[in-house]
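Got a predicted model here, sequence first, then my questions.
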Amino acid sequence: MHHEHHELIKALWDFYPPGDKNDFFPAYHYMKHMDRFMYYSLLQSGLTPKESGEKHDEDAEQMVKYHVQRIAETSLSLETAIYYGKVLKLNDAIKLVTQKQDLKLSAPERVIPFKVARDVILKANDTVAVGTCPCRENADKPCIPPTQQVCMFVGDPFASFIAENNPKYHKISQDEAVKVLEFAHQKGFVHTAYFKKEAGNRFVAICNCCGCCCLGIRMWNLLGGTVPIMTSSGYVADVSDDCNACAACGDKTCNFNAITIDENKQKAVIDLAKCMGCGVCVDVCDRKAIQLRREPSKGDPLDVDVLKNLSVSA
């Protein structure tokens, strides 16, 4: 076991090219101490995390704290952001955890409008690790038990490293990963693909986020989308005349506060500026009155099948 532990750390080190070796250190501490990373992220954002009362290694605390500060300092611009999320439809999320062939592509700017960290690189049947959500671990009243495992690292060396070095994570099969996504979708969570400079400038994880606990969506809503920490799926919700204003899709469903009920028209109304095209509202509508449609102003979806075809034709 000790030998395997050492080999996984070495694999993480060897992953980085000579010019990027410094990225090893924040990645190492981020994956080992993700709950503390989120604790300091909440503090940095002006929010109040739950105090665990546990003692923590002071050196690791300082490493994580200043990694969070670096992310915050770079987060104000699409040009400089080094850590951000891309909202996904359920089917697009499933494709990322069920790849059956090697995949190496750099997402076009309409898919990933950020300048740093825009690659999707996966091996056939790549490793997936699932673990607890650090946002909900730091929430006073989490919407699911903090031990519920809904956050996934996708692809090595990161998935194998965190499964070995963080006791809250373990490896799962592709089929099990799909079940995690389906469970999260049924709970009304938003599938978010996270890209990170310290992960080799690439996609590294899928978080299943809510508007009540999860920092990304909470700050997106609080700041009105003015700080580019997330980007849309490329879709928006569209309400048909079959809507009867039952409000099932409203405040308790939409994580982005994008749906209101027009009492005069007796119809749900979508705020297109707020809608991120997650699709949660589609499946809660008993009348099937809501569908997702492509919206050019929101960019393009992270659909690996489409992107693979684009890269082949190019």
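Looks like it arrived, so ask away.

Give the next helix or strand downstream of the helix or strand hosting Gly216.
Element membership of Gly216 [criterion: DSSP states H and E] is helix 215-222. As assigned by DSSP H and E, the chain's next helix or strand after helix 215-222 is strand 230-231.

Can you list the strands that that following strand pairs with?
Partner strands and pairing direction for strand 230-231 (DSSP bridges) are strand 83-88 (parallel).

Specify the angle between the partner strand and helix 215-222 in degrees.
80 degrees (axes from the mean of the first three to the mean of the last three CA atoms, to 10 degrees).

Can you list the neighbours in contact with the following helix or strand past strand 83-88?
Counting by DSSP H and E, the element after strand 83-88 in chain order, helix or strand, is helix 90-97. Applying CB atoms under 8 Å, 6 or more residues apart in numbering, the external contacts of helix 90-97 come out as 88, 120, 122, 128, 152, 154, 174, 177-178, 181-182, 185, 191, 193, 203, 206, 233, 279, 301-305. Backbone N, C-alpha and C define where each C-beta goes, glycine included.

Got a quick ChimeraX command for the buried subset of these?
Restricted to buried positions by 16 or more other CB atoms under 10 Å, the ChimeraX selection for the contacts of helix 90-97 reads:
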select :88,120,122,128,152,154,174,177,178,181,185,191,193,203,206,233,279,301,302,303,304
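
Take the contacts of helix 90-97 and keep only those in strands.
Leu88, Val120, Leu122, Val128, Met152, Val154, His191, Ala193, Phe203, Ile206 (DSSP state E).

a markdown table please, covering those and showing distance to Cys243 and pLDDT.
What follows is the ones in strands among the contacts of helix 90-97, written out as a markdown table (distance: CB to CB, whole Å; pLDDT from 0 to 100):
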| residue | distance to Cys243 | pLDDT |
| --- | --- | --- |
| Leu88 | 25 | 98 |
| Val120 | 36 | 96 |
| Leu122 | 39 | 94 |
| Val128 | 37 | 98 |
| Met152 | 34 | 98 |
| Val154 | 36 | 98 |
| His191 | 25 | 98 |
| Ala193 | 30 | 98 |
| Phe203 | 35 | 98 |
| Ile206 | 31 | 98 |
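
Name the pair among the residues you listed with the greatest separation in space.
Leu122 and His191 (16.3 Å; CB to CB).

check contacts around the closest residue to Gln291 other than its chain neighbours.
Take Gln291 and drop its neighbours on the chain: the residue closest to it by CB to CB, 6 or more residues apart in numbering is Asp238, 5.4 Å away. Shown in contact with Asp238 (CB under 8 Å, 6+ apart): Ile270, Ile290, Gln291, Leu292, Arg293.

measure Asp238 to His191 for me?
Using CB to CB, to the nearest Å, Asp238 is found at 20 Å from His191.

same question, Ala199
Taking CB to CB, one finds Ala199 at 18 Å from His191.

Could you count how many residues lie near the closest residue in space to Leu181 that isn't next to it in sequence?
Spatial nearest neighbour of Leu181, excluding adjacent residues (CB to CB, 6+ apart): Ala93 at 5.2 Å. For Ala93, the neighbour count with other CB atoms under 10 Å is 28.

Identify the residues contacting His185.
His185 touches Leu90, His191, Gly279, Val280, Asp283, counting by CB under 8 Å, 6+ apart.

likewise Asp140?
Per CB under 8 Å, 6+ apart, neighbours of Asp140: Lys50.
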